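[1] Sequence and predicted structure, then a few things I'm wondering about:
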Amino acid sequence: MSEAFQSLRGHLLLDAGGMYGSCFHHTVILMCRHSPEGAFGLVLNQPSEKRVGDALSLDLPPDVKQQPVRNGGPVEEDTVHILHSDAFMFQGNVLNNLSLVEDPSELSDIANSVNPDHKVEFFAGYSGWGAGQLESELARKAWLIHPASAELVFSNPDESAWRDTLRQMNWQQRLLADGPDDLSWN
């Protein structure tokens, strides 16, 4: 009897330590969609030199145009994906208070929000998996799973987020966080 499918939407995937040399080395990925047909996520901890104004040719406020764009993953790097959070948005499409927007034309409403709790992050590209691909990688123990939160999404957008998140997990992950990338370096 096969296991019932469990979606990882709203969870983080973390490199389990075996992706040295790949584009997923030390990544923290927010799973935005996950179904039997495939999965879609955004790498949270790979900043880029791009600014929103470089990636989108929309009439946006200057402070939004200057906001950095993170590398969301190696798939379709010319696409822009937007995560936004608002304390008054009780049901988001990724987490409570967190939604994914993929249509840049919706950005003007988001960018003009006057709510001081409103947060927005921009991503170029995404991480994607076909049907069964992510499940196969999980079976090989390539990824660790951790619950996501809006606070984790909007904090620490650099590589140290991987180690910081691992330190919140059990003792084995804390050892992984403090160990060398390659155990032969020990």
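    Received it, and whenever you're ready, just let me know what you need. Numbering: from 1, shown residues only.

[2] in this structure, which spans are strands?
    Listed in chain order, the strands of the chain (DSSP state E) span residues 11-15, 28-35, 38-43, 47-51, 68-71, 75-85, 98-101, 119-130, 143-147.

[3] Format those strands as TSV; extra columns: mean neighbour count, distance to Arg167 and mean pLDDT.
    (Glycine included, C-beta is placed from N, CA and C.) Listed next are the strands of the chain as TSV, based on neighbours: other CB atoms under 10 Å; distance: least, CB to CB, whole Å; pLDDT from 0 to 100:
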stretch	mean neighbour count	distance to Arg167	mean pLDDT
strand 11-15	23	11	96
strand 28-35	22	12	97
strand 38-43	23	19	97
strand 47-51	14	20	91
strand 68-71	20	21	93
strand 75-85	18	23	91
strand 98-101	20	23	91
strand 119-130	20	22	94
strand 143-147	17	11	96
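
[4] nearest to Pro180, of the ones you listed?
    In this view, these are compared for proximity to Pro180 by CB to CB, and strand 11-15 is the closest at 14.1 Å.

[5] For that closest one, give me every contacting residue.
    Residues lying outside strand 11-15 but in contact with it, judged by CB atoms under 8 Å, 6 or more residues apart in numbering, are 24-31, 41, 44, 142-148, 152, 162, 165-166.

[6] re earlier: could you dump the strands of the chain into JSON lines and include distance to Phe5?
    Below are the strands of the chain laid out as JSON lines (distance: least, CB to CB, whole Å):
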{"stretch": "strand 11-15", "distance to Phe5": "14"}
{"stretch": "strand 28-35", "distance to Phe5": "8"}
{"stretch": "strand 38-43", "distance to Phe5": "11"}
{"stretch": "strand 47-51", "distance to Phe5": "33"}
{"stretch": "strand 68-71", "distance to Phe5": "29"}
{"stretch": "strand 75-85", "distance to Phe5": "22"}
{"stretch": "strand 98-101", "distance to Phe5": "20"}
{"stretch": "strand 119-130", "distance to Phe5": "14"}
{"stretch": "strand 143-147", "distance to Phe5": "15"}
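
[7] nearest to Gln173, of those?
    Judged by CB to CB, the one of those that comes nearest to Gln173 is strand 143-147, at 6.4 Å.

[8] Adjacent strands (with direction) for the closest one?
    The partner list of strand 143-147 in its sheet, established with DSSP bridges, is strand 11-15 (antiparallel).
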